[in-house]
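Asker: predicted model and sequence below, questions to follow.
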Amino acid sequence: MLNISENSINEQFDKSSFPTFTRVENKVSKKVLSRVILTTLIITLVILFLPWTQNIRSVGNVNTKSFDQRPQTLNSIIGGRIEKWFVKEGDLVKKGDTLLKISEIKDEYFDPELLSRTNNQRVLKEQSVGAYNEKIRALDSQIGALNEQLGLKLQQATLKFKQAKLKTEIDSNVHQAALVNTKIAKEQFKRMEELYKQGLKSLTDYEARNLKLQQAQAYEVEALNKWMGSKNDMINAQVEYSSVRMDYQNSVAKANSDRSSAYSDKFDAEATVTKLKNQYANYKYRLGSYYITAPQDGYITKSMIIGIGETIKEGDALVTIMPAKYDLMVEMYINPIDLPLVKKGNEVMLQFDGWPAIIFSGWPNASYGTYMGEVYAIDNYISENSKFRILIKPKDRMPEWPKQLRPGGGIQGMMLLDDVPIYYEIWRKINGFPPNYYKGNSMGRSKVTKDKK
């Protein structure tokens, strides 16, 4: 009883008939409470010395290792109009399967004989190139013949000049001889004249000597005339030599000019042939672009253009394909303060969205429903969310990740660091200290180190 009232009733009834009152009054509450507190303290102390695995918690998502294994959007190379769809969303397609067909919308490609006509133009231009080559070879032959003929003509003109020169020299000598003969005739005539005046010679002798003088003078004039004619012939031969050289040089220059023009026309024709070849290849490739095919095995996930008859532009997105085979990985984002703790090979415990799990963050071995991963890459530059991205792959010799995983699914990850006592972890968190540095070994774990960040 509480004995609150001053009027006691203890003497008015017999307590021995109520055993409960006896047990309550005889119980020692203080001893029980002391035992409970002592037991709690002992259990708490034991727990404080239990090992605790430090970790860095973060979230991320599932992705694929290779870029070509991620969902990709097919774009139209050319503009056109959709004529027919051969697939629907969710279909499995093989590499090279036709997805849809488009038709032409540009009038410059409407001609059904566009390829053959372009090829004919190319063939004709190639024939033009051949004709120009023939013309160039003919001009080369003409130039060679002109040069050879020029050599012969120059030799002929040279010989003619030499002949005229020799004839000039002979006529010059003859003229000199005529001058000497005339001079002698004059001297003889003077002496004959003196003898005639003295009566020593007859008139007949005098007249005969005068006749010889006249003949000598006539011969001198004739020799001079021949010498002057020879000099004129020599000058004419020299002029002819220069004329022959100039004429043939003009002919050769004209042939060279024609050859250069032929080369220029040939190069223009070859440029046109190259351009036509390029056009032909482009037209042929464009014709092959009317059918959009699958670049690899995969599933059709989404179509951006669905209507028959809709027009599309170059580069417009048409359909999205998810590759059928892919290797999964996980990308997580960690705070910059935790980056020095992360190394390649670190173990990461992962919980995938949709897979129930029981997680004990400090005792990873006691967790259930989680999967192990391993860090294999770390970004060198911070991401747009002001965190660093790390890439995680499945850890060898560990249970495989669920086959039902798909890229894009969410994950929660814990990067496992050192094993420390629980009291140390509580003390570290109270003081705001970072976890111990992790030094991975061949098994991915290490002993506790005392290095502080």
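Answerer: Here it is on my side, so go on.

Asker: was I right to think T98 contacts T293?
Answerer: Yes. Between T98 and T293 there is a contact under Cβ atoms under 8 Å: 5.6 Å. To be clear about C-beta, it is placed using only N, CA and C from the backbone, and glycine gets the same treatment.

Asker: quick one, what contacts Q249?
Answerer: By Cβ atoms under 8 Å, 6 or more residues apart in numbering, the contact set of Q249 is L150.

Asker: so how far is S128 from L150?
Answerer: From L150 over to S128 the distance is 32 Å, taken as Cβ to Cβ, to the nearest Å.

Asker: correction: the previous question concerned V239.
Answerer: 45 Å.

Asker: who's more crowded, those two?
Answerer: Between V239 and S128, counted using other Cβ atoms under 10 Å, the more crowded position is S128 (17 against 12).

Asker: list the contacts for that one?
Answerer: So S128 contacts 265, 269 (Cβ under 8 Å, 6+ apart).

Asker: mind running it again at 10 Å?
Answerer: Contacts for S128 (Cβ atoms under 10 Å, 6 or more residues apart in numbering) come out as 265-266, 268-270, 272-273.

Asker: what subset of the residues you listed is buried?
Answerer: 265-266, 269, 272-273 (16 or more other Cβ atoms under 10 Å).

Asker: looking at those, which are in strands?
Answerer: Residues of the buried ones among the contacts of S128 located in strands (DSSP state E): none.

Asker: out of the residues you listed, who's nearest E193?
Answerer: D265 (86.8 Å; Cβ to Cβ).

Asker: and for stretch 230-244, what's in contact with it?
Answerer: Here stretch 230-244 makes contact (Cβ under 10 Å, 6+ apart) with 149-150, 152-154, 156-172, 174-175.

Asker: now that stretch, how far from the centre of its chain.
Answerer: Centre-to-centre, stretch 230-244 and its host chain are 69 Å apart (Cα atoms, centre = their mean, to the nearest Å).

Asker: point out where the stretch 1-150 of the chain drops to low pLDDT.
Answerer: 1-31 (pLDDT under 70).

Asker: mind jotting down where the strands sit in it?
Answerer: 51-64, 72-75, 80-85, 92-93, 98-103 (DSSP state E, counting those that start in this stretch).

Asker: related to what we said a few turns ago, most widely separated two among the contacts of S128?
Answerer: Most distant of the contacts of S128, by Cβ to Cβ, are D265 and V273, 12.5 Å apart.

Asker: out of everything not next to it in sequence, what's closest to R259?
Answerer: Once flanking residues are discounted, R259 sits nearest to L139: 4.1 Å by Cβ to Cβ, 6 or more residues apart in numbering.

Asker: ok, now which ones touch the one you found?
Answerer: 254-263.

Asker: locate the residue of the chain with the greatest distance from its centre.
Answerer: Each residue of the chain has a distance to the centre, and by Cα atoms, centre = their mean the biggest one is for G199: 124.3 Å.

Asker: per-residue confidence at it?
Answerer: Note on G199: pLDDT of 77.

Asker: and it, that's in a helix?
Answerer: No. G199: not assigned to a helix; according to DSSP: H, G, I helix; E, B strand; the rest coil it is coil.

Asker: next one: phi and psi at it?
Answerer: phi 80, psi 10 (degrees, to the nearest 10).

Asker: now, the buried ones among the contacts of S128 that are in helices?
Answerer: 265-266, 269, 272-273 (DSSP state H).

Asker: want to throw the strands of the stretch 1-150 of the chain into CSV with distance to G345 and mean neighbour count?
Answerer: Listed next are the strands of the stretch 1-150 of the chain as CSV, based on distance: least, Cβ to Cβ, whole Å; neighbours: other Cβ atoms under 10 Å:
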stretch, distance to G345, mean neighbour count
strand 51-64, 15, 18
strand 72-75, 31, 16
strand 80-85, 48, 16
strand 92-93, 37, 16
strand 98-103, 43, 17
